[in-house]
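# Just a sequence and a predicted model for now, questions to come.
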Amino acid sequence: MKTLYPSAIILGLCFFVSSFGRYEKNDLNEIKTVTYYNGQITNGNDRLVDKEVLNDFFERYPDFKKYQNDVVLLYKNRSYGTIWYDRNKITEFGNLLYQKLKVTDEEGIQITIPYENAIDQIFDKKSKQKPSITDTDILLSTAYIIYMSNVYGGLDEAAVKKTGWLLPKKKISYDTLLDSLISKPTLLEVNGELLFDQYYKLQEALKKYRKIEQDNTWQPIITDIPYKDLRPDATSATIGQVRTRLFVMGDLKRDSESNFYDQELMDGVMKYKLRNGFKPNYIISEVHIKEMNIPITDKIKTLMVNMERCRWISPNLVKDKEYIMVNIPSFELIYVRNGKVELLSKVFVGTVLTKTTIFSGSIDKIVFSPYWTIPQSIVENELKSKIASDKNYLADHNIEMVNGQLRQKPGPSNSLGLVKFIFPNSDDIYMHDTPSKTLFDFEKRTFSHGCINMSKAKELAVAMLKDYPEWTQERIDKAMDGTEEITFKLPSKVPIYICYFTAWVKDSGEVSFFQDVYDQDADLDKILFPLVEI
């Protein structure tokens with residue numbers, strides 16, 4: 001047996017320390033254990049931190065405490081190895097994350113990041129007071145959680161429900177997502193990859209409107225008092241101001257600065273009205289001037305509010321083979337099939353007192369020539385007095401009594417029209433045709449007791465039944481013209497999403513703003529932009 005001399009023991013210990021670890025002091029003179037191989041960090045699998053190190057970090061950075069559980073999970077699932085280092089250098093994704101943190105206003109939010117100076121020092125080549133390697137790694141992990149939770153998660157589920165949004169909020173695993181981002185950082189840049197595709201369109205609109213604000217081209221439109229509607233061939237200074245506003249918004253390609261209401265302005269007015277859900281005519285009324293005079297700062301907030309709503313929706317929504325989306329503020333339904341818009345339809349929705357619920361479901365039945373079982377609340381509040389004052393009221397309106405309940409029989413005057421679409425839900429909301437077609441001529445269409453009334457219900461039924469050859473046009477017409485209810489149970493359910501977007505951007509880049517009919521924006525404003533008391 002050979003004798004191991006002291007010098008050999010010392011040499012061995014030196015090799016052990018240089019290969020596996022040593023203590024490093026940071027600028028606060030705090031000792032951190034750092035893993036090295038020959039004086040260098042080897043790769044992202046080294047055990048740089050442990051539970052004790054993490055606990056110590058959050059004791060020294062108490063403003064990060066609420067993110068501690070998420071950060072610990074990142075390290076636990078990676079055997080407490082480094083996350084943000086590769087061959088002595090911060091990874092590509094680490095650098096991209098830092099860049100993103102510096103431009104969060106482009107995401108429609110302003111993130112307050114505690115200890116931002118410490119993070120800045122990491123990337124400042126001239127800084128002589130850089131955090132220790134351990135602190136650097138944990139700082140970036142915490143910054144990652146902050147960024148992702150704000151930009152990709154948005155408000156928590158409880159806050160979302162308080163705004164009346166009952167669509168299921170998408171679930172995000174920041175831990176699982178991290179692996180994808182490390183291997184492919186461009187996921188943060190690719191439209192539609194991680195967020196609902198409308199988000200990216202609103203983001204571009206936000207840039208446009210911030211540029212308008214910066215250029216100071218959004219000036220108030222001054223009108224005569226009392227106001228008189230502006231019509232083609234009129235001349236006034238207000239017309240010139242409207243022309244400038246339409247040019248700034250993109251509804252006109254040029255600003256002739258003319259005060260005369262000419263054909264060019266007529267085309268711009270029509271584009272503006274169609275874009276924003278107004279009745280398509282050439283009259284510029286006071287309500288249009290009022291909408292044009294909404295401050296640019298408010299328009300920007302509206303875009304930001306709707307970007308927040310997009311954070312709550314799964315990007316997979318648009319990947320469904322077919323789906324229906326109803327947007328309450330625009331009073332519009334869209335039916336998409338195989339990635340293409342099959343149908344657009346006007347709708348009217350619930351009043352302010354009987355709001356249409358914001359939620360999602362699956363259409364599983366189409367009912368032709370439906371009966372309408374009249375809700376007891378409508379009987380009590382609306383029909384009782386009419387029945388009492390007119391003994392023929394029930395017969396005249398094709399209403400019968402069945403098992404103690406009033407119901408309206410099928411027919412062209414039935415309040416549900418010729419067809420209804422069922423998607424089971426606790427609020428007993430469904431979508432249906434209506435005999436009251438003139439109501440679709442109104443700009444603000446809040447008339448129902450909560451259900452969604454369609455102008456093109458028959459056309460939707462035809463479009464949805466394309467894959468069922470037994471449902472010929474002749475059979476559909478006959479089913480709708482019957483005296484008995486006919487129900488077809490769909491073999492493949494069709495997802496339906498009832499949403500609330502007061503700003504929407506088309507594929508062309510055209511930006512639309514709609515009325516906040518249920519004051520949902522106002523509620524969300526208070527959460528996203530709380531007033532700061534001075």
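Arrived safely. Numbering: from 1, shown residues only.
# any idea of the pLDDT on residue 13?
If you check residue 13, the pLDDT there is 38.
# Quote the end-to-end distance of stretch 85-92.
One end of stretch 85-92 to the other measures 9 Å (CA to CA, to the nearest Å).
# now the helices for the stretch 151-300 of the chain?
157-162, 174-183, 198-215, 237-249, 263-275, 286-292, 296-311 (DSSP state H, counting those that start in this stretch).
# Pull out the CA atoms of the first one and give them to me as PDB.
Extracted in PDB, the C-alpha atoms of helix 157-162 (Å, rounded to 0.1, in the frame of the first residue of the first chain):
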ATOM      1  CA  GLU A 157     -58.900  34.100 -13.100                       C
ATOM      2  CA  ALA A 158     -60.700  35.700 -10.200                       C
ATOM      3  CA  ALA A 159     -60.100  39.200 -11.500                       C
ATOM      4  CA  VAL A 160     -61.200  38.100 -15.000                       C
ATOM      5  CA  LYS A 161     -64.500  36.800 -13.700                       C
ATOM      6  CA  LYS A 162     -65.100  40.000 -11.900                       C
END
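# If you count neighbours, what's buried in it?
Within helix 157-162, the residues scored as buried using 16 or more other CB atoms under 10 Å are residue 160. No exception for glycine: its C-beta is placed from N, CA and C like everyone else's.
# other SSEs contacting that helix?
Here helix 157-162 touches helix 520-528, going by 3 or more CB pairs under 8 Å, 6 or more residues apart in numbering; DSSP states H and E.
# And for the second one?
With contacts defined as 3+ CB pairs under 8 Å, 6+ apart, helix 174-183 has these neighbours: helix 68-76, helix 133-148.
# Among the helices of the stretch 151-300 of the chain, which comes closest to residue 499?
Closest of the helices of the stretch 151-300 of the chain to residue 499 is helix 296-311, at 7.6 Å (criterion: CB to CB).
# Include distance to residue 458 and mean pLDDT when you put the helices of the stretch 151-300 of the chain into CSV, please.
Listed next are those as CSV, based on distance: least, CB to CB, whole Å; pLDDT from 0 to 100:
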stretch, distance to residue 458, mean pLDDT
helix 157-162, 35, 88
helix 174-183, 44, 92
helix 198-215, 29, 96
helix 237-249, 36, 97
helix 263-275, 24, 97
helix 286-292, 32, 96
helix 296-311, 31, 96
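# Minimum distance to residue 63: which of those helices has it?
Among the helices of the stretch 151-300 of the chain, the nearest to residue 63 by CB to CB is helix 174-183 (19.0 Å).
# and the angle for the closest one with helix 68-76?
50 degrees (axes from the mean of the first three to the mean of the last three CA atoms, to 10 degrees).
# re earlier: could you dump the helices of the stretch 151-300 of the chain into TSV and include distance to residue 372?
Output for the helices of the stretch 151-300 of the chain, formatted as TSV (distance: least, CB to CB, whole Å):
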stretch	distance to residue 372
helix 157-162	31
helix 174-183	48
helix 198-215	35
helix 237-249	43
helix 263-275	34
helix 286-292	34
helix 296-311	33
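# Of these, which is nearest residue 414?
Within the helices of the stretch 151-300 of the chain, the stretch nearest residue 414 is helix 263-275; the backing value is 32.1 Å (CB to CB).
# what comes up buried for that closest one?
264, 265, 268, 269, 271, 272, 273, 275.
# Return the closest of those residues with respect to residue 205.
Distance to residue 205, by CB to CB, is smallest for residue 275 among the buried residues of helix 263-275, at 12.0 Å.
# Let me know the secondary structure of the residue nearest to the closest one when sequence neighbours are not counted.
Nearest residue to residue 275, sequence neighbours excluded (CB to CB, 6 or more residues apart in numbering): residue 512, at 5.1 Å. Here residue 512 is recorded as strand under DSSP: H, G, I helix; E, B strand; the rest coil.
# my read: residue 512 touches residue 505, true?
Yes - judged on CB atoms under 8 Å, residue 512 makes contact with residue 505 at a distance of 7.3 Å.
# tell me the domain ranges of the chain?
As assigned by automatic domain parsing, the chain contains the domains 17-188, 219-294, 319-371+410-521, 373-409.
# Distance of residue 352 relative to residue 308?
23 Å (CB to CB, to the nearest Å).
# higher neighbour count, these two?
Neighbour tally, residue 352 and residue 308, criterion other CB atoms under 10 Å: the higher count belongs to residue 308, 22 against 9.
# residues touching the more buried one, list them.
108, 109, 154, 155, 524, 528 (CB atoms under 8 Å, 6 or more residues apart in numbering).
# Low-confidence ranges, this structure, go.
1-48, 192, 531-534 (pLDDT under 70).
# need the longest strand for it.
strand 486-499 (DSSP state E).
# which non-adjacent residue is nearest residue 244?
Residue 244 sits nearest to residue 255 (CB to CB, 6+ apart), 5.4 Å away.
# these two touch, right, that neighbour and residue 241?
No - counting by CB under 8 Å, residue 241 is not a contact partner of residue 255; they are 10.5 Å apart.
# Mind checking which of these two has more residues around it?
Neighbours of residue 255 and residue 241, each counted by other CB under 10 Å, are more numerous for residue 241; the result is 19 against 15.
# what separates the more buried one from residue 301, distance-wise?
In terms of CB to CB, residue 241 sits 23 Å off from residue 301.
# returning to what we had before: name the member of the contacts of residue 308 with the most neighbours.
residue 524 (26 neighbours).
# from memory it sits against residue 306, does it?
No - counting by CB under 8 Å, residue 524 does not reach residue 306; the two are 9.1 Å apart.
# Now residue 336: which helix or strand?
strand 332-337 (DSSP states H and E).
# Sheet partners, orientation included, of the following helix or strand past that strand?
Note on strand 332-337: by DSSP H and E, the next helix or strand toward the C-terminus is strand 340-350. According to DSSP bridges, strand 340-350 has the following sheet partners: strand 332-337 (antiparallel), strand 446-448 (parallel), strand 452-454 (antiparallel).
# which of the residues in the next helix or strand after the last one are buried?
Moving toward the C-terminus from strand 452-454, the first helix or strand encountered (DSSP H and E) is helix 457-464. Within helix 457-464, the residues that qualify as buried by neighbour count (16+ other CB under 10 Å) are 457, 458, 460, 461, 462, 464.
# which ones are touching the third one?
Counting by CB under 8 Å, 6+ apart, residue 460 makes contact with 324, 333, 335, 343, 345, 421, 454.
# Only the buried residues of stretch 70-79, if you could.
For stretch 70-79, by 16+ other CB under 10 Å, it's 70, 71, 72, 74, 75, 78.
# residue nearest the centroid of this structure?
residue 310 (1.6 Å; CA atoms, centre = their mean).
# measure it to residue 500 for me?
12 Å.
# thinking again about what came up before, of the strands paired with strand 340-350, which is nearest residue 141?
strand 332-337 (39.0 Å).
# what is the orientation angle of the closest one with strand 486-499?
Between strand 332-337 and strand 486-499, the angle comes out at 110 degrees (the same axes, to 10 degrees).
# what sits up against strand 332-337?
277, 318, 320-327, 341-347, 431, 452, 454, 456, 460, 463-464, 466.
# got the end-to-end distance for stretch 317-330?
OK, stretch 317-330 end separation, CA to CA: 19 Å.
# And the contacts of strand 332-337, which of them are buried?
277, 322-327, 342-343, 345-347, 431, 452, 454, 456, 460, 464.
# From residue 441, how far out is the nearest residue to residue 136 once chain neighbours are set aside?
Of all residues not flanking residue 136 in the chain, residue 122 sits nearest, at 5.2 Å (CB to CB, 6+ apart). For residue 122, the distance to residue 441 (CB to CB) stands at 61 Å.
# Mind checking which of these two has more residues around it?
residue 122 (20 against 10).
# Can you classify the more buried one by secondary structure?
Strictly by three-state DSSP, residue 122 counts as helix.
# can I assume it is in contact with residue 140?
Yes - using CB under 8 Å, residue 122 is in contact with residue 140, at 7.3 Å.
# shared neighbours of those two, anything?
90, 98.
# hang on, residue 527 packs against residue 161?
No - at 11.9 Å, residue 527 does not count as touching residue 161 under the criterion of CB under 8 Å.
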